[in-house]
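Give me coordinates for this.
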Amino acid sequence: MGVFLVTAVIATVTVCAAAFAVIVYGPAGPSPDPLAVAVAQGVTGKSATLLMHERQQIILEDADSQKFTVASTPTITGTPAQATTGDNGAPLVPDGPPPDPSTAKGIAYSLLPSFGFSTDQFGCLDLMWTNESDWMWNAENASGAYGIPQALPGDKMASAGPDWQTDPTTQIKWGLGYIKSVYGTPCNAWAFWQAHGWY
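Numbers count the residues shown, from 1 in each chain. Now for the predicted structure:
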């Protein structure tokens, strides 16, 4: 009885394997079945290639965002203020004095009006650049992004001044100009950042 059962199992497996080979290769050898070709093309088609490329980009961007380094030890000048939400849903600076003018945040706050932005936009800018560089002028990402606004490549900021590698004001001016030309306002840029993890 046991021998019969083993023989039956072996016969079933053999028949299934032969049927699979006929489906894939056809009865005359290695010429592929049209159905098998269609399935293979579906898996390796243009859509699948695009999805794989997008997946790789997301993995690389996520890895890069975890790797920024600092050229020197930063000095922490204070605790960032927590943003609140205004009537329009945009984060605002809490009631109280603006940031210390001698800090990068204070410089950005004072420059907002010169780019046509209300100081109400500072909350969004603060959240975004805290996530990007923690407001460190020498923050460097493995991808080549650099500075407070994480310009990629960093030397793009040379358009705002030759001291772009070391001067927070130059970096902030470039960053605010970039935000204005691409997103319109810091809160629009922050909304995009929240959806994509970059801006």
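
could you show me where the strands are in this structure, in order?
Assigned by DSSP state E, the strands in the chain fall at 69-70, 84-85, 91-92, 139-140.

between the ones you listed, which has the poorest average model confidence?
Lowest mean pLDDT within those: strand 84-85, at a mean of 47.

Next one: Ser102 relative to Trp198, how far apart?
Going from Ser102 to Trp198 by C-beta to C-beta, to the nearest Å gives 29 Å. (Each C-beta comes from the backbone N, C-alpha and C, glycine too.)

Name the nearest residue to Trp193, ignoring sequence neighbours.
Of all residues not flanking Trp193 in the chain, Tyr199 sits nearest, at 4.4 Å (C-beta to C-beta, 6 or more residues apart in numbering).

Now do the contacts for that neighbour.
128, 132, 179, 182-183, 189-190, 192-193 (C-beta atoms under 8 Å, 6 or more residues apart in numbering).

Distance check, it against Trp129.
From Tyr199 across to Trp129, the span is 10 Å (C-beta to C-beta).

Mark out where each domain of the protein begins and ends.
Following automatic domain parsing, one gets these domains for the chain: 2-65, 74-196.

mind listing the helices for this structure?
Under the criterion DSSP state H, helices of the chain are mapped to 2-25, 34-43, 46-65, 104-111, 122-133, 168-182, 186-196.

now this protein, which segments are flagged as low pLDDT?
By pLDDT under 70, the weakly predicted segments of the chain are 1-97.

could you redo the last one with a cut-off of 80?
Along the chain, segments meeting pLDDT under 80 span 1-101.

May I have the phi/psi pair for Asp167?
The phi/psi pair for Asp167 (degrees, to the nearest 10) reads phi -100, psi 110.
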